[in-house]
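> build me a structure from this.
(2 chains)
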Amino acid sequence: MTLLETSVRLLPAVGMFTWAWTMIAVPLAVAAFLLLAGKVADRWGHFVAVGAVVYSFSIAACLFAEMVGMAPDHRAVDAPLYTWFKVGVWEFPVGFQIDQLSILFALLITGVGSLIHVYSIGYMAHDERRRRFFAYLNLFVAAMLTLVLADNYLLLFVGWEGVGLASYLLIGFWQHKPSAAAAGNKAFIMNRVGDLGMIFAIGSFLAQVGTVRFDAVNSMIGAVDSGWATAIGLFLLLAACGKSAQFPLQGWLLDAMEGPTPVSALIHAATMVTAGVYLIVRSHAVYEHTPFASMAVVIIGTVTLLLGAWIGSSKDDIKKVLAGSTMSQIGYMILAAGIGGPALALAIFHLLTHGFFKANMFLGAGSVMHAMDDDVNMRHYGALRKELPITHATFLMGYMAIIGVPGWAGYFSKDLIIDAAVEFRWFIGALAIAGAGITAFYMTRLMFMTWWGKARWRPGVHPHESPKVMTWPLVILAFFSVVGGMLMFWWIQTWLQPLLGYHETMPFEPFTSLPGWATLAVVVLGVVLGWYTFGRPEVTIPIEAPKANAFVTMGRNDAYADAIMDVAVVQPYAALGRGIVGADAHLVDAGFMGMGTLLQGVSESLRKLQTGYVRTYALTMTAGVLLVGLVMILSRMG
Amino acid sequence: MTFPWLTILGIIPLIGAAFMLFPVRLAARPVGLIVSFVTAAVGLAIGGMYLGGTTFLEQVPWIKTFGAWWSLRLDGMSLAMVLMTVILTPIVLVAERKLPERIGRWSSASFFGLVLLLESMSLFVFMADDVLLFYLFFEATLIPVYFLIGGFGGAARRAAAMKFLLFSLAGGLVMLASVIGLYAVSASAGKPSYLITDLAALHIDGTSGRWLMLGFLLAFIVKAPMFPVHTWLPEAAEQGTPGTSVLLVGVLDKIGTFGMIKFCLVLFPEASRWVAPFMIGLALISIIYGAAAAFASKNLLRLIAYTSISHFGMMVLGIYAFTSQSITGSIFYMLNHGFSIAALFLVVGFMIKRRGTAQIDAYGGVQKVAPLLAGSFLLAGLSGLALPGMSTFISEFLVLAGTWTRFPWVAAVAALGVVMSAVYILSMYRRTMTGPLSADVAKSFESDLSGSEKLVVLPLIAIILLLGFFPGRTVETMQPTADSVMKIVQLSDPVPQAGK
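Numbers count the residues shown, from 1 in each chain, chains lettered A, B, ... in the order given. As a prediction, this is how the structure comes out:
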């Protein structure tokens, strides 16, 4: 691959760009307002929240339009707001970098975010805490925009932990459910483990380069010795693993499905979980100096894309299938980000198309749950096609996009990544192709179990299509699931080129290359296998999950990640805590108090003192202090 | 001589405390509150003038034979501690103003009096620029705290107060030896003086410097409770009222870290460099030990006390990592921790008032009936786990990043505290506020935060957020203290490799 030539020069913000910060401030202010407003805002608060996101979207759209009109080398703009704080030579600005990369994210976050806000009006209509739900959603949007628009690592970290907070609040939104509260905690804590990577990386930047600004870090990273570059690369990868649910920090994402489904769509599919990809792409200059860390990124991505697909294949919970799928698809992005060069743009490309089709399918799943009294078990579904025609049609578009039917969005973005992977190392490419086949299999399984085949509804369930406020966002997302790839594949690499600094772009040649044909063949195979196992007319799907082989059982249990974590970390830590509390009382404290017990007489007289009048102590103590003073004066005189 | 602002500031609460000696009954609360607000106003005015460029130094000879002075001075660090004290005191008084008229032998007037006395003594401690003066006020703070713990609070409060006193007196006695030793050193060098500036000019190195330094350090380690001399704190916090704990942990314990910078580092730079590895080790143990113990605690007040042990470990780490960033971070940490811990203790106080116990098991599902209380608890907790956006994040970041530039491995171990704090805070919140709600708990929490309780929580949260979003000026005010200390210990910040 190619090396970075020069660092990107940022232009000072003028005009519209100086207003970029309001994209963050408006949803943040609305979030605070909704939380403080009280019950009066219950009836209209959610409209204000929608308004805030739509506002941010329109600013992002205007900025994007303006950038399109500018020369490719002049599209990166710096909009400083104020100096956050400085200590010694360190200076930490609150400033925003609006460039080819961050604007795409801003559009995705606010665009998909707006649709999901609208959808939530219907989805959360009967929840008495809807106002608070929208406050948290707005908080999330503000934090996520801070993450992607920040012009330095520390401010990015603010957004990074901010989305973690929003995620925590929303996963545990139904706090009365112990499982939801536990899932929220798990997400936050596992993310904090990843955040150690961010703290270490920022510490290293400060120690090695003396700044955390992206532009300065990029231009000076070459002067850092390669050991530190590798360390920083690994630190950033750790952070990415936490936020993007990559192996070995993937466990929280499946539990996160406890949150309301719009949350799963927005935070745990389309935007927040892709922040790790953003981080690695944003830090590409670091990885260009460290083949070792880059390789680690590639390996983590590859492992996770297979692990996620495996888990997705064995779950019966529709949301967990989609969650496994999200891990897997993000694995593709991480893989591309690790390969570097033009593949960086492909990571972003797949991130955007995935944002469309996965949000689409999650919201579709929400619509199904709405129809099925919040049941998530696909074994209780089947034949919903007729009852929910719009949701079915939109979901079908998402399905075709993710498995990569030629022409649909995922086809372009995933095939390009597979090409890049094959070019990088043939076996990585082979695994990526295998992943595409498994994806086709589990998605086909999901389609048959949910939409087609025979009805296995529980008694008393009467499926119905969702209201328009929910189906319209689905239709729009379905539209982009179809055309998203066609809209972007021909320009996204050129668009990001000046920023990411690669020399050549990857050509898109699906029907002339071997990997393209191989992928297509494997996908067909996966679909056929899915049909054969779950879709043939003579197949009946049992309502209770049948006993399965070890492979499936392991997948159902998230590859035993929780059990391993429990034995290796949770239990020992709890034991350590109990041990310390016990030791604190019986060893450390007793050690000191024991000295007193040795002098039984002293403690006896102390006990007597305690029963005496409190005024006596006051006198005694005052006398003591005075005595000290007196002794000192006397000693001087003598 | 200019107007003695600092002396006046310290005397106002003292006058208020004296007033409580009279049989005042009804007047005690309003007078106590007014005095604390007046003190806060004067303190803020002084802060404003300081930021405006006024220097504050009040020096008159006190005991000439010892070379002791009535000397008060403000620098960035002491200003921060003074402001924290004058802001927290009225908040505590508002929070505790509904104490029963009589508690055993005590009246609520005595509580107000003791708090004001403690405020006065603490202010003088933070402003004192003379070692003997500092020492006397340092010991004098024990009197009000002892009675605050022993007179108001849980069933075993007397034993807890006694334990606090024994630990503190032991530390204080060792320090006294050092104080006397300092006199000997300065007298033998010519004219005796207890002024810090004069003593620092003596460059007390070598063995005598080390012994004298250790005397101070031991007292400060007990005060800023560090492993293994921390065991008085969980008990004092469990037995004292939440208001007392705020003043104890938030204000008084800061004398420990404050003293390490102002006395250990400044008077004995060489000895401090010598003891640094040991202190860093102790700090790391405290961070991990306190956090693990907090996680396993079954009592809310003990839990919060243990988190403080962990946080004090962070502050001490920043001090002995010897970078201008980490020391600035520590000073800022001292300030932020005061507000954060106040919010935690006081909100827990509101919970205990309703439920009658601090046992975590007795709670669950509270957020469903008292969302404002739960929200305040969560915000206070998030400040405890140093979430970005909160002021505590900036100080913790500066300590960790500053330490990282000199000792990456040490910082890496300390950073485990970041994960562990998330564990103890969130599990505390989960166990008390979420999950199914029992009828019993629902009955206890019929009322959400009252007006005056909001008045207690709001300013704390506001300060924490304000300093989180706009910390620039505050950090700049504190940095000169760190810079001068760095100069005294003759160390400079590591230079970035790529910038060379």
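
> could you use CA atoms for every contact and neighbour count after this?
Fine.

> pass me the low-pLDDT residue ranges in the stretch 401-550 of chain A, would you?
A:510 (pLDDT under 70).

> what about 90?
Scanning the stretch 401-550 of chain A for pLDDT under 90 picks out A:404-407, A:449-471, A:484-518, A:520, A:533-550.

> give me the low-pLDDT residue ranges for the stretch 351-500 of chain B?
Within the stretch 351-500 of chain B, the ranges that satisfy pLDDT under 90 run B:353-359, B:362, B:364-365, B:367-368, B:371, B:435-453, B:488-500.

> those helices in it, which residues are they?
Applying DSSP state H, counting those that start in this stretch to the stretch 351-500 of chain B gives helices spanning B:366-369, B:371-384, B:391-406, B:408-433, B:439-444, B:451-469, B:472-488.

> return the most buried member of the ones you listed.
helix B:391-406 (a mean of 27; mean count of other CA atoms under 10 Å in any protein chain shown).

> now it against helix B:371-384, angle please.
Taking axes from the mean of the first three to the mean of the last three CA atoms, to 10 degrees, helix B:391-406 and helix B:371-384 form an angle of 20 degrees between their directions.

> against which helices or strands is the one helix or strand residue A:105 maps to packed?
If you go by DSSP states H and E, residue A:105 is part of helix A:100-123. Other elements packing on helix A:100-123 under the criterion 3 or more CA pairs under 8 Å, 6 or more residues apart in numbering or on different chains; DSSP states H and E are helix A:45-68, helix A:130-149, helix A:261-265, helix A:343-371, helix A:468-488, helix A:492-500.

> mean confidence (pLDDT) on that helix, please.
In this model, helix A:100-123 has a mean pLDDT of 93.

> please apply the same query to stretch B:58-76.
Stretch B:58-76 carries an average pLDDT of 88.

> end-to-end on it?
For stretch B:58-76, the first-to-last residue distance is 16 Å (CA to CA, to the nearest Å).

> which residues touch stretch B:10-25?
B:28, B:31-32, B:35-36, B:38-39, B:109-110, B:112-117, B:119-121, B:123-124 (CA atoms under 8 Å, 6 or more residues apart in numbering or on different chains).

> restricted to helices, list those residues.
By the criterion of DSSP state H, membership of these in helices covers B:28, B:31-32, B:35-36, B:38-39, B:109-110, B:112-117, B:119-121, B:123-124.

> one step back: could the helices of the stretch 351-500 of chain B be laid out in TSV, adding distance to residue B:92?
TSV is the format used below for these (distance: least, CA to CA, whole Å):
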stretch	distance to residue B:92
helix B:366-369	24
helix B:371-384	16
helix B:391-406	20
helix B:408-433	23
helix B:439-444	23
helix B:451-469	8
helix B:472-488	23
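
> now do the SS call for residue B:61.
What DSSP: H, G, I helix; E, B strand; the rest coil gives for residue B:61 is strand.

> follow-up on the earlier one: can you list the helices and strands packed on helix A:100-123 in TSV and add distance to residue B:387?
Listed next are those as TSV, based on distance: least, CA to CA, whole Å:
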stretch	distance to residue B:387
helix A:45-68	24
helix A:130-149	12
helix A:261-265	21
helix A:343-371	28
helix A:468-488	34
helix A:492-500	31
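
> close to chain B: what parts of the stretch 401-550 of chain A are there?
By the rule CA under 8 Å from any CA of the partner chain, no part of the stretch 401-550 of chain A lies against chain B.

> domain ranges for chain A?
Chain A breaks down into these domains under automatic domain parsing: A:151-546, A:611-638.

> returning to what we had before: and of the helices of the stretch 351-500 of chain B, who's closest to residue B:128?
Judged by CA to CA, the one of the helices of the stretch 351-500 of chain B that comes nearest to residue B:128 is helix B:472-488, at 15.3 Å.

> centre of the chain to the closest one, how far?
Relative to the chain's own centre, helix B:472-488 is displaced by 19 Å; criterion: CA atoms, centre = their mean, to the nearest Å.

> touching it from outside, list them.
Identification of contacts with helix B:472-488 by CA under 8 Å, 6+ apart yields A:83-88, B:51, B:75-77, B:80, B:261, B:265-266, B:269, B:322-325, B:327-328, B:331-332, B:467, B:492.

> any idea which residue of the stretch 1-150 of chain B lies closest to chain A?
Nearest residue of the stretch 1-150 of chain B to chain A: residue B:143, at 7.0 Å (CA to the nearest CA).
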